[in-house]
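Student: Turn this into a structure:
(chains A and B)
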Amino acid sequence: MSLNIVIAGVGGQGLLTFASILASAVLRRNIKVLVAETHGLSQRGGSVRVHVRIGDVDAPLVPRRLADAIVALELIEAIRSIEYANKNTVIVANKQIRRPPLPGVKAPSIDEVLNMFREFKLKNYIVDAEEIALKAGSSLSTNMVMLGALLKTGVLSKLLDIQDVEEVIKSMGGPWIEVNLRALRKGYEAI
Amino acid sequence: MAKITGPAGSCTLLLGNEAIARGALEGGVGVASAYPGTPSTEIVEALFEALDEVELYVEWSVNEKVAFEVAYAAAICGVRSLTAMKHVGLNVASDPLMTSAYTGVEEGFLIVSADDPSMWSSQNEQDNRYYGLHAFIPVFEPASPMEAKDMAKTGLEFSSKWKHPVILRTTTRVSHTRGPVIFGELPKPRLKGLFKRDVERWNVIYARKLREEMLKRWSMIVEDVNNIEFNVFEDVDSEDLIIASGLAYSYVKDALKILNKTGETSILKIATTIPIPRKLIVKALSKSSKVLVVEELEPIVEGEIKKIAFEEKLNIEVQGKNLIPQIGELTLENVVNAIVKFKGYSYKLPETLPKPTISIPPRPPTLCPGCPHRASFFALRKAVAISKIKPVYCGDIGCYGLGTFPPFEMQDTLIEMGGSIGLANGFAHTEIEKTPIAIIGDSTFFHTGIPALINAVYNRAPILVIVLDNKITAMTGGQPTPETGSYATGEKAPVVVIENIAKASGVEYVETVDPYNIQESVEAIHNALKYVRNTGKVALIVMRRKCALDISSLATRRGIQKPLYKVFMDKCKACKICYDLFSCPAILEQQDGKALINPTLCMGCGVCANICPYNAIVKVTEEKDEWLKLWW
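Tutor: Residues are numbered from 1 along each chain as shown, chains lettered A, B, ... in the order given. Below is the predicted model of the structure:
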């Protein structure tokens, strides 16, 4: 048994923290997990994709077409990672487009992307994560809102509960614990 | 507590590189040195983090050659040591590497080479296992973070046993994969040693004798790798055999799971690629009629297998790079496809979704909001236009390499560390109409820029050298340089001043500017170009401002507020300069073409306000003194 999750977004959105917290929660249940990141230069606003493989797994990268879930913190990055999806893949996406800061680049609209999910008949959950994160206390917790939403979709329900993730966040220390916990909860309740 | 210092028996989620650091501690490492480079950086970073709890000497060296020599000397003194670098870093260190096998060492010496198949953050995808063949140094290849930890320890022990260096070769997918790692015991390492004078061993005047001894030692190592427990023959009595080295083993295991064919084919897992465990291979080959070799990059194991089959007169069909791509890192799909063809299986992946009809805009990494390099490039372009010269922008390795992309496109060449000034030397003597402008960062300048600068002075190459000095090795995550003034531990360090080096090297025209001050910068570059043209000599400008990413995290930690800037819509004429020509990611284009500043992303650098021709961008909150002080 294995579960493949692809997390897509823009450098600086906290994808690695998302993946590390998720993976630590899985590991607490004594289930094997691997996390791999693919990107050029970290933290420089480029495309980032993180692969999380859970269960009886050895190889770090999710094969194309075999993702059980794609979590996108940005919608252009959701399309860029769509090659990892098949018709049963669950999409959890932040309702946000970030235009790449290149001269003259045209970005698709939010509706165009959402229509594509519908056309492809993909089960999708769209979350206004940054807005929710701001209400929780900081836009920096957008990633935690998305993690909460992913937990609610049921993709991981056989493996872990939101409490497992909360325990990991609490164990991390630092000034952001409360905001992150609120963001996680609000994300969980958002879908 | 640091991540890598947990008690024996505990299981922690670790990055492959962190696992290597832990393994080195378990192997009794007493000295570790490195120059940062993706994907190797976190090894020594993790050791620095552990310094509160474990004792050892750790340093960021100025380049890989020096890092190598620091660790090499420690091992000569009988202290176990580690040096870590990215694959191309080993090129820089290859001079001492080649001879280290001749002299050997007194205690364990582990050289970690982190290779980068697919060139995620590198200029090539060279396969450093060749260095093992070339230099007569054993190469260990782990298949996972857990194995990376264990092999770091075993590598140090094996090196101690044979008094011979060992290379631990990882790739991005081992170094940068997080996985569960179970800790072993931490011994008390030996931190200090003694240099035992032995001229015939440590002085290569006696190299002929050393080479003979080295080859003798090598023949014993060739035997001994057969005893390394990481080489495993999983024999299921099949006629077919899959041989997989390092990480490829993990892909083979999962590919067979996907195909639901686990246990049908014998697998030979190779962990010591150089020298290859010959006895184990002969045993496995003699049971087989058909072999598939799965390995990343070059057909090194494949070549060795073919050689052994020939020498042992085994009539075996060997497949490898005909089915496994030579370019880029392995993927599960590639390995599944190769096994399907090799075994004649039929397998269908789930159906593909239709191709998206939306065109996907590219999103290359960009210079951060507030990055002083953006201001430097902006000023440089303006100065070149005013000076009416044709430039060759000789680029270099660092964040400013991102100046390759629009809107700047000011990295005409970019080859290797320090290559900017080196190539500029050659262009100066051969190119007919263009002025070479070398653009190099502070860390890269210290790394390999200095000899090329001295060469330019001595050989009279009329070039302009621009040192983009952000006082840190930014690209790899912010390691200190000799100019930072502190070590990675936070302790105070001596400051080596770039301007002093330039002057001492004989550069007569040395200027320093603040890139945030665009007008002053343009003028300085313009004057320097004039000087180069008129005198035929070298000019050097230091453009100094701290890394915005570094300041951003520092400000957050200390709770220091940044100033806020705002676009006044009545004044904005939608000229696009701030978001298209200056291209700050914190400035967004609105529907009507006017600019909007995203306050979360904005770093409060104020350069956009400086360059806006309509004064439409205005500072709306004053900065505090402590904010201004952060930047210097």
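
Student: Kindly provide the distance from the most centrally placed residue in chain A to chain B.
Tutor: Central residue check for chain A by CA atoms, centre = their mean: the C-alpha nearest the mean position is that of A:Val71, 3.5 Å away. Distance, A:Val71 to chain B, using CB to the nearest CB, to the nearest Å: 17 Å. Placement of C-beta: from N, CA and C, glycine included.

Student: Make sure I have this right: that residue is in a strand.
Tutor: Yes: secondary structure assignment (DSSP: H, G, I helix; E, B strand; the rest coil) places A:Val71 inside a strand.

Student: That one touches A:Gly14, doesn't it?
Tutor: No: taking contact to mean CB atoms under 8 Å, the distance of 11.7 Å between A:Val71 and A:Gly14 leaves them out of contact.

Student: Let's verify B:Val79: helix, strand, or coil?
Tutor: When the structure is reduced to helix, strand and coil (three-state DSSP), B:Val79 reads as coil.

Student: ok, how many other residues are close to it?
Tutor: As a burial measure, B:Val79 scores 26 neighbours (other CB atoms under 10 Å in any protein chain shown).

Student: got the contact list for it?
Tutor: Taking CB atoms under 8 Å, 6 or more residues apart in numbering or on different chains as the definition of contact, the neighbours of B:Val79 are B:30-31, B:107, B:189-193.

Student: Now the buried members of those.
Tutor: Burial of the contacts of B:Val79 was assessed by neighbour count (16 or more other CB atoms under 10 Å in any protein chain shown); the buried members are B:30-31, B:107, B:189-190, B:193.

Student: So which residues of chain A form strands?
Tutor: For chain A, strands defined by DSSP state E occupy the ranges A:2-10, A:33-38, A:47-55, A:69-72, A:90-94, A:123-127.

Student: quick one: the helices in the stretch 401-550 of chain B?
Tutor: Using DSSP state H, counting those that start in this stretch, the helices found in the stretch 401-550 of chain B span residues B:419-430, B:442-444, B:450-458, B:498-504, B:518-535, B:548-558.

Student: Comparing those, which comes out most buried?
Tutor: The highest mean neighbour count among these, using mean count of other CB atoms under 10 Å in any protein chain shown, belongs to helix B:442-444: a mean of 28.

Student: Give me the contact status of it with chain A.
Tutor: No: using CB under 8 Å from any CB of the partner chain, helix B:442-444 stays clear of chain A, with a minimum separation of 14.8 Å.

Student: Tell me the gap between that helix and the middle of its chain.
Tutor: Centre-to-centre, helix B:442-444 and its host chain are 14 Å apart (CA atoms, centre = their mean, to the nearest Å).

Student: show me where pLDDT drops low in chain A?
Tutor: Regions of chain A meeting the criterion pLDDT under 70 cover residues A:40-43.

Student: Quickly list what the residue nearest to the centre of chain A is bridged to.
Tutor: On the basis of DSSP bridges, A:Val71 is bridged to A:Ile7, A:Val92.

Student: Which positions within the host helix or strand of B:Asp224 qualify as buried?
Tutor: Assignment of secondary structure by DSSP states H and E places B:Asp224 within helix B:207-224. Using 16+ other CB under 10 Å as the test for burial, helix B:207-224 gives B:210, B:214, B:217-218, B:221-222, B:224.

Student: and for it, what are the contacting residues?
Tutor: Contact with helix B:207-224 is made by B:99, B:101-104, B:136, B:138, B:158, B:161-164, B:200-201, B:204, B:275, B:278, as judged by CB under 8 Å, 6+ apart.

Student: for the record, mean pLDDT for it?
Tutor: Mean pLDDT, taken over the full extent of helix B:207-224, equals 97.
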